[in-house]
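**Q** fold the stuff below for me.
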Amino acid sequence: MISSNLPTPTRLLALDVGDKRIGTALSDEMGWTAQPHTTIQRKNMKADLYHIEKIISEFNVCKVIVGFPLNLFSQETPQTQKVKKFILSLEKKIKIPVETWDEAFSSKEAEKLLISADMSRKKRKQVIDKIAAAVILKSYMSAHEKN
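**A** Here you go, the predicted model:
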């Protein structure tokens with residue numbers, strides 16, 4: 001039997017997909033923490049997916065969690081439809097599972113965290129998306145925690 005030297009994928013990647021930017025966050029290899037990673041400035045679907053594929057490859061990601069925007073009544077919105085279209089394109093491009101996770105209030109929570117850290121409005125705008133992705137990932141990880 002031939003053994004592979006490739007490590008088993010272990011990290012989770014979360015995406016906060018917006019019209020202008022995609023915030024990304026990664027778990028650590030043990031699945032204990034969710035860390036903001038980067039913000040992708042959206043150009044077109046091909047370029048956006050290229051950046052995500054690069055992160056998946058570089059960090060040995062085993063699953064992608066995409067924030068799913070619903071309104072206060074858990075109903076779909078026009079943004080939900082855009083995210084669904086993005087997910088379909090992503091699933092065609094990558095070979096690992098993609099899961100959605102309710103992103104309710106992730107941006108609001110991220111904003112609160114940054115304000116409490118006394119970050120200026122200008123700096124908050126630069127990092128809010130990746131912080132929101134980390135909030136989404138942390139929520140997902142907490143809900144799937146093994147006791």
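
**Q** by contact count, what packs against whichever strand or helix holds K46?
**A** Using DSSP states H and E, K46 falls within helix 45-58. If you count contacts as 3 or more CB pairs under 8 Å, 6 or more residues apart in numbering; DSSP states H and E, helix 45-58 packs onto strand 11-17, strand 21-27, strand 34-41, strand 61-68, helix 78-93. Every C-beta, even on glycine, is put in place using the N, C-alpha and C of the backbone.

**Q** in the protein, where's the longest helix?
**A** helix 121-143 (DSSP state H).

**Q** returning to what we had before: can the helices and strands packed on helix 45-58 go into CSV with extra columns for mean neighbour count?
**A** What follows is the helices and strands packed on helix 45-58, written out as CSV (neighbours: other CB atoms under 10 Å):
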stretch, mean neighbour count
strand 11-17, 26
strand 21-27, 25
strand 34-41, 19
strand 61-68, 21
helix 78-93, 14
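
**Q** which of those sits closest to D129?
**A** strand 21-27 (2.9 Å; CB to CB).

**Q** which residues are in contact with the spatially closest residue to K138 that is not a sequence neighbour?
**A** Spatially, and ignoring its direct neighbours in sequence, K138 is nearest to A34 (4.1 Å; CB to CB, 6 or more residues apart in numbering). Each residue near A34 by CB atoms under 8 Å, 6 or more residues apart in numbering is listed here: L12, A14, A25, L26, S27, A134, V135, L137, K138, M141.

**Q** same thing but 7 Å
**A** A34 is in contact with A14, A25, S27, A134, L137, K138, M141, counting by CB atoms under 7 Å, 6 or more residues apart in numbering.

**Q** who does the second one form a beta bridge with?
**A** Note on A25: beta-bridge partners by DSSP bridges are A14, P36.

**Q** now do it against D19, distance only.
**A** Distance of A25 to D19, computed by CB to CB, to the nearest Å: 19 Å.

**Q** likewise for the last one?
**A** Using CB to CB, one obtains 26 Å as the distance from M141 to D19.
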